[in-house]
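>>> 3D, please:
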Amino acid sequence: MNRFPALFVSQSVLTLALALELAPTRGFFAQLDPTLGKPKAIQVMSAHWETDAPATSAAQKPETIHDFHGFPEELYWMRYQASGAPALAREAVSLLNDAGMPAGTAANRGLDHGAWVPLMLMCTESQIPVAQLAVQTRPGPAHHSYFGEALRPLRDQGVLIVGSGRVTHNLSEFGAHRYDSHPPAWVSAFNDWLAAGIESLDTPGLLDYRRRAPHAVRNHPSEEHLLPLYAA
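Numbering: from 1, shown residues only. As a prediction, this is how the structure comes out:
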């Protein structure tokens, strides 16, 4: 079996799930399904589930969590009906424990919008079992990089690992710009720096992004939306 890749996806906006517009992000998600092949399961880390210690969902039938407000009513009707992956959750916990990262399972945790929106666009058939991972904001990037290393063996077992967050997440700034406006310079500079660091495998620089990247704190006043990148 070939090793599945690990992905980081920037969630963009919730209304992408409604197909109200032909945004480039929708096209990107759509081409992933045939490109990647069909994994036996998906382990997705969402920025919208924060815990003090590593945790993964172990629900047999995870509910679709609508953890947002003020959006079109159709979004609240949506359900992503993939089955859970409790065996995968237990395997992930075992790998994390072996790596010295005490972890646990959440028996009834569903899939929040950071998980189900990109998966709905990537895997339209919703037939692939899914388990969700939580982020731990306080320990920062190095913790999540080590987290991802611990879970690497899953990729050799047919598991697709997806980190779901955002390259930029500053809601106080977001409201000052039109939805279709050109990215401001402080966003583009950070995005370009991050892409260059990933392409060159500059792990020390990426882990120290808050000091080294241009406008790092402005792009991420808090870190939870970038941390899934480090796990991936």
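>>> And residue 163, which helix or strand is it part of?
For residue 163, the host element (DSSP states H and E) is strand 159-165.
>>> do residue 191 as well
Using DSSP H and E, residue 191 falls within helix 185-199.
>>> so who does the residue nearest to the spatial centre of the chain touch?
Against the mean C-alpha coordinate of the chain, by CA atoms, centre = their mean, the closest residue is residue 164 at 1.3 Å. If you count contacts by CB atoms under 8 Å, 6 or more residues apart in numbering, residue 164 has them with 8, 9, 11, 44, 45, 46, 47, 114, 115, 118, 228. (Glycine included, C-beta is placed from N, CA and C.)
>>> remind me, longest strand of the chain?
Criterion DSSP state E: the longest strand present in the chain is strand 41-50.
>>> now the helices for the chain?
Using DSSP state H, the helices assigned to the chain run over residues 24-36, 73-77, 86-98, 113-122, 141-151, 171-174, 185-199, 203-207, 209-212, 216-219, 227-231.
>>> Can you name every helix or strand that the fifth one contacts?
So the one you mean is helix 141-151. Using 3 or more CB pairs under 8 Å, 6 or more residues apart in numbering; DSSP states H and E, the elements in contact with helix 141-151 are helix 86-98, strand 159-165, helix 203-207, helix 227-231.
>>> Could you rerun that using 6 Å?
Counting contacts by 3 or more CB pairs under 6 Å, 6 or more residues apart in numbering; DSSP states H and E, helix 141-151 packs against helix 86-98, helix 227-231.
>>> will you turn the ones you listed into TSV that also has mean neighbour count?
Formatted as TSV, the helices and strands packed on helix 141-151 follow (neighbours: other CB atoms under 10 Å):
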stretch	mean neighbour count
helix 86-98	18
helix 227-231	26
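>>> I'd like the ones you listed as CSV, with mean pLDDT and distance to residue 52 appended.
Compiled in CSV, the helices and strands packed on helix 141-151 are given as follows (pLDDT from 0 to 100; distance: least, CB to CB, whole Å):
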stretch, mean pLDDT, distance to residue 52
helix 86-98, 97, 14
helix 227-231, 97, 14
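>>> Show me the shaky parts of this protein.
1, 12, 19-23, 33-34, 124-126, 175-180 (pLDDT under 70).
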